[in-house]
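*Asks:* Build the 3D model from these lines:
(chains A, B and C)
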Amino acid sequence: MESLLFYVLGALALAGGLFVVLARNPLYGALGLIGSFFALAGIYAVLGAHLLAALQVLVYAGAVMVLFVFVIMLLNLRDEELGAPRITLAKVGAAAALAVGGVVLIAKVLWKLPGGAAGQVVPVQDLAASPGFGTVREVGRAMFGPWLLPFEMTSLLLLVAIVAAVVAARSRL
Amino acid sequence: MTVSLPHYLALAAALFTIGSIGVVVRRNALTVLMSIELMLNAANFTFLAFARFPLSASGGVARAMGGHVAAFFVIAVAAAEAAVGLAILLAVFRRRVTTQVDELTLLADAPPAPYDDEPAAGTH
Amino acid sequence: MDSLKQIFVLDPAQLRGLLPIIPALPLLGALLNGLLGRWYGNERSGLVACATVAGSFFASVLVFLALASGQLELHQTVYTWFSAGILNVQLGLTADRLSGVLLLVVTGVGFLIHLYSTSYMEHDAAAWRYFSYLNLFVAAMLLLILGDNLVTLFVGWEGVGLCSYLLIGFWYQDEAKASAGKKAFVVNRIGDFGFLIGIFTLFAVFGTTNIDELRKQSGALAAPTNIAAPGAPSSGLDVSVRGGVFAARTVRAADGTPVTYPASTYRWAIALAMLCLFIGATGKSAQIPLYVWLPDAMAGPTPVSALIHAATMVTAGVYMVARMSFLYVLVPQILAIVAVVGALTALWAALVAFAQNDVKKVLAYSTVSQLGFMFMGVGSAAFSAGTFHLFTHAFFKACLFLGAGAVIHGLRDEQDIRRMGGLRHFLPHTRWTFLIATVAIAGVLPFSGFFSKDEILHAAFVSPALHAVAPWLGPAVYVVGTATALCTAFYMFRLYFLVFEGDYRGNVRPHEAPWPMTSVLWILAGLSIAAAFIGTPWWNWFEHFTEPAVAKFPGAEAHEGVALWPFGVAIAIAVGGFLWARSIYARGVPEGGAPFARRFPVLARASENKFYVDEFYGLTIVRPLWAGAKALHAWADALLVDRILVGGWGWLAKRLGGFLSLGQDGDMSRYAAVTALAAVALLLWTVM
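*Replies:* Model (predicted):
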């Protein structure tokens, strides 16, 4: 069951990602991304990260992507303004390098690479069955325990981001 | 075959690669920002995968929750970053009416003037 | 003289404490006048300057008496200047019989000239500066005389050169005068370079610069071999490191006998050193080839010409040769060079003096010529004779210069003798003292110049040192010297006649000099006469007195009696010169020039133009140097340093910066692309 969910949702996520990168109209890309996020939320749930799955949908797909869509609508770019893709050597080279790097990484992860160090990653255990794994209680315990300071700093960060966004987007400075 | 850690990591790597290619290749700033979000998500995914399949035995659930907490923070930061980035994009668009990132080259110099050959100052 | 010990309550040897005072007083005077003179005025500066030199004079008299009373040498070390390894230089002062005499001359004549200057310079606004420099000069000269090692002597040597420059260019607002000062300094410097090489060579050979040490070590060298008997202590030659690189060595042969390798091979080094020291002397004492600064030096105030360029500074070269006599007698070839250069210079300068029309220039060339005589004397290894001529020359030459100063002063700065004449009516004191000094320099019995010149010529003729080099050399020097004496008589009397006899040819009403000037003239004239009597061939007190201080050339015997024929020649020459001059110039400037000038016009004009020596130097030395300097400036300085080495860095920074800034244009997708590339590379490198 898990495998099936993984492959299906994984394919959906990949498809969404490809949509983002390949679509000419950013609105289509945004829609693709939303789909990808939903698929990922599902995979998170399969991974036992129930809270995070919910948060993914609420915050990422629900708030961030909505913001994106608002801005896309606001800019209201017509087709001509979107411009033709400019192919430069740097871009091609970088893209190719990234592709190669990605392939190598995946291969390393899945199989032992000749000359590589550790080869396949071998987990010690599977914690998904543990009681309370991924629940609000356990995550809360961790967050307000050892991770309290980063939590507070993040709240500060959010404040700063709000102020920055308001200032930057003003029509008259 | 049972789906285990390597498969999740491979999927994350693939998503990350796609996102990074998108950042590099695409000209539209909005698309670039969305590709960045994709990369962040891939990172999140990796955190959660390792949270479920830790590589060391110590700590148990409490320790593994650290991965979830980290992912939580990543979401928060990504949201903040998206907000600010879009605000900047709006500001730029208002002044330059372009969202193509490779047209924003204000930092570049004018082509250099031809070098004049006067001798060093202060010669006798 | 032992009675002097009873006169002194204290032991004469203790008078060595006086030695540092002798140069210190004028130095103090120089500082006071230099720093405060502007404030307390010109008159008081003159007073201060005269007082300090007078103080030095009294101290010198006391030292002299102590030396006369049997104490052959006084020595006082002030402090150790520097000491590094085997090089140990003290600031030490030594007074022996030779320097004692010179101390009297320098401080005595110096005092008289300071007195004269108070009157001569009374209208000059910057007289305080003049007196400061003059005192500084006396201090430096005294340091030169008293220095007990070559380095201290060199300090004094340089010091007098500096003061000469300062005083020649005293009226520096006039560019020609300032240039004359510069020329003097530069030419002197060339000589000083030779002097330094000499000092270094001596140090390399002997390991010391102390004159006393040098004397002791050279004494050992004079003996050709020094083989000690087996078992005896080594020969007394210093074979340690102190002996220097080229020292003689004592080694043990196979059978144990010590064998000394004498330093006779190193006589070449000593010869080189003494030659280099002599080159320094040609600069300081105005001999060929470095005499060209002395005529130009007449641009300075006349008392300066009297003191520095007649009586004292220019004699430093002669003094140095006499001082180092113990080394010079080891290398007779160098002595021969000294004598020959002296003789040639004497004749050459005398020929130039024939046609000069500026009173001071005539006297300047006369000085060069008389210095040549002195070098003839010391070059013949007759060190006392040369020094005696130095002694007498100081008196009559100073008298001549100061007399010329009185004339110039009386004619309101006129110096051309063609516009003088008949001044015997207007300037009687000056006329008589000038006449006395002229007779003295021409070498007429019984004035001092006669005895000193004659002693030199005689010494040259019989000189064993010159004979050792070539048997005809001594007589040849004698002939040249005698010819020069004839010329000397001629041009000096020409000068006298044109200035004082005949009718006055000028426009300004002349007036006699004030009493400070005339009294000094009379004192010096008196000394020109009196000094004769301490150096007569029958009773030569001077020679006996200085004998312990100078070396003898082996084979030089005491007087084999007094030969009379040189006297006859000398008197005949002096009288002949006088008559010759009188026949031409007694009534003033002859119509159409002198007879020989009419017959040899080219020579006469050449003589008037100093035989074009300055022009020659200008062409062969000065112009190439200037061209070289200009080229170096253009290539090495302007091009290499300014444009390439300095400007080049700037250019490089600019180009490099320009190139690198092409990458900073804000094109974000390119930034991202490059970053991605780098990240991938890093990843692959760690993962693989």
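*Asks:* in the chain, which spans are helices?
*Replies:* No chain in the question, so chain A it is. For chain A, helices defined by DSSP state H occupy the ranges A:2-22, A:26-46, A:50-55, A:65-75, A:89-110, A:136-143, A:148-168.
*Asks:* actually it's chain B I care about, not the one you picked
*Replies:* B:5-25, B:29-52, B:60-96.
*Asks:* Mean pLDDT for those helices - can I get that in JSON lines?
*Replies:* Below are the helices of chain B laid out as JSON lines (pLDDT from 0 to 100):
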{"stretch": "helix B:5-25", "mean pLDDT": "90"}
{"stretch": "helix B:29-52", "mean pLDDT": "93"}
{"stretch": "helix B:60-96", "mean pLDDT": "89"}
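*Asks:* Identify the residues contacting residue 33.
*Replies:* No chain in the question, so chain A it is. A:16-17, A:19-20, A:65, A:68, B:34, B:37-38 (C-beta atoms under 8 Å, 6 or more residues apart in numbering or on different chains). Using the backbone N, CA and C atoms, a C-beta is placed for each residue, glycine as well.
*Asks:* Wait, chain C was what I had in mind.
*Replies:* Taking C-beta under 8 Å, 6+ apart as the test, what residue C:33 contacts is C:45, C:48-49, C:128-129, C:131-132, C:135.
*Asks:* Is it in a helix, a strand, or coil?
*Replies:* Three-state secondary structure (criterion: DSSP: H, G, I helix; E, B strand; the rest coil) places residue C:33 in helix.
*Asks:* At the geometric centre of the chain, which residue sits there?
*Replies:* The chain I'm using is chain A. residue A:37 (7.0 Å; C-alpha atoms, centre = their mean).
*Asks:* To clarify, I was referring to chain B.
*Replies:* Note: chain B centre (C-alpha atoms, centre = their mean) maps to residue B:36, 4.5 Å.
*Asks:* what number of residues lie near the residue lying closest to that residue once chain neighbours are set aside?
*Replies:* Spatial nearest neighbour of residue B:36, chain neighbours left out: residue B:23 (6.2 Å); criterion: C-beta to C-beta, 6 or more residues apart in numbering or on different chains. A count of neighbours around residue B:23, defined by other C-beta atoms under 10 Å in any protein chain shown, yields 26.
*Asks:* Surely residue B:23 touches residue B:32?
*Replies:* Yes - judged on C-beta atoms under 8 Å, residue B:23 makes contact with residue B:32 at a distance of 5.5 Å.
*Asks:* shared neighbours, these two?
*Replies:* residue C:672.
*Asks:* and residue C:122, what does it touch?
*Replies:* By C-beta under 8 Å, 6+ apart, the neighbours of residue C:122 are C:42-43, C:46.
*Asks:* so which strand or helix has residue C:74?
*Replies:* Secondary structure assignment for residue C:74, by DSSP states H and E: strand C:73-84.
*Asks:* For that strand, which residues meet the burial criterion?
*Replies:* Using 16 or more other C-beta atoms under 10 Å in any protein chain shown as the test for burial, strand C:73-84 gives C:73-74, C:76.
*Asks:* Counting neighbours, what do you get for the nearest residue in space to residue C:54 that is not next to it in sequence?
*Replies:* Of all residues not flanking residue C:54 in the chain, residue C:111 sits nearest, at 5.3 Å (C-beta to C-beta, 6+ apart). Per other C-beta under 10 Å, the neighbour tally for residue C:111 reads 22.
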